[in-house]
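Student: heads up, no residue letters with this:
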Ligand SMILES: Cc1cn([C@H]2C[C@H](O)[C@@H](COP(=O)(O)OP(=O)(O)O[C@H]3O[C@H](C)C(=O)[C@H](O)[C@H]3O)O2)c(=O)[nH]c1=O
């Protein structure tokens, strides 16, 4: 796992009416502070990458559909400097991934259903706090799956 990233399995309590899906509680070891919750949908095969945050920590869960979540560690003094990691997230592999600032992240919808990514972030969205690169930027050593 990239240094500082935490993957926490989450409960999905299903019955014949639907399901309750946990995400983040104030007494969780990964809870820091509340900034904003938002949801990002991504259609089958589509990529949303790359995102970088200077100060915001992310807490992602995917209650609908499935994504391949990818992280790249550019931090010069990190134990995992230069590493790339893929994490499968989705309603059938339901978990919370907590990501510190300073990493490049992105995701691709895998499977045939539009996926919904929930982010319970430690700060309210502030465009000046983030950076973007194209999904195929050569400075990040990762090749996304072919898109339909
Ligand atoms: C998050 C946000 C976005 N926007 C605007 C900015 C753009 O014009 C448009 C799409 O934003 P973006 O391209 O950043 O969307 P995603 O690629 O889905 O990424 C967003 O959702 C993933 C999960 C992340 O973690 C990102 O930090 C977050 O920005 O919505 C706003 O006006 N307010 C907001 O709070």
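Tutor: Structure's in. What do you need? Given the structure is predicted, the values throughout are model-derived calculations rather than measurements.

Student: any idea of the pLDDT on the closest residue to residue 122 other than its chain neighbours?
Tutor: Nearest non-adjacent residue to residue 122, counting by Cβ to Cβ, 6 or more residues apart in numbering: residue 57, 4.4 Å away. C-beta: built from backbone N, CA, C; applies to glycine. Reading off the confidence values, residue 57 has pLDDT 98.

Student: residues contacting residue 57?
Tutor: By Cβ atoms under 8 Å, 6 or more residues apart in numbering, the contact list for residue 57 reads 32, 98-101, 121-122.

Student: Cross those residues against strands and list the overlap.
Tutor: Among these, the members falling in strands (DSSP state E) are 98-99, 121.

Student: Tell me what the residue positioned nearest the centre of the chain is bridged to.
Tutor: For the chain, residue 60 is the residue whose C-alpha lies nearest the centre (Cα atoms, centre = their mean; 4.6 Å). Per DSSP bridges, the residues bridged to residue 60 are residue 97, residue 119.

Student: tally of neighbours for the residue nearest to residue 137 when sequence neighbours are not counted?
Tutor: Using Cβ to Cβ, 6+ apart and skipping the chain neighbours, the partner closest in space to residue 137 is residue 50 (6.5 Å). The tally of other residues near residue 50 (other Cβ atoms under 10 Å) stands at 22.
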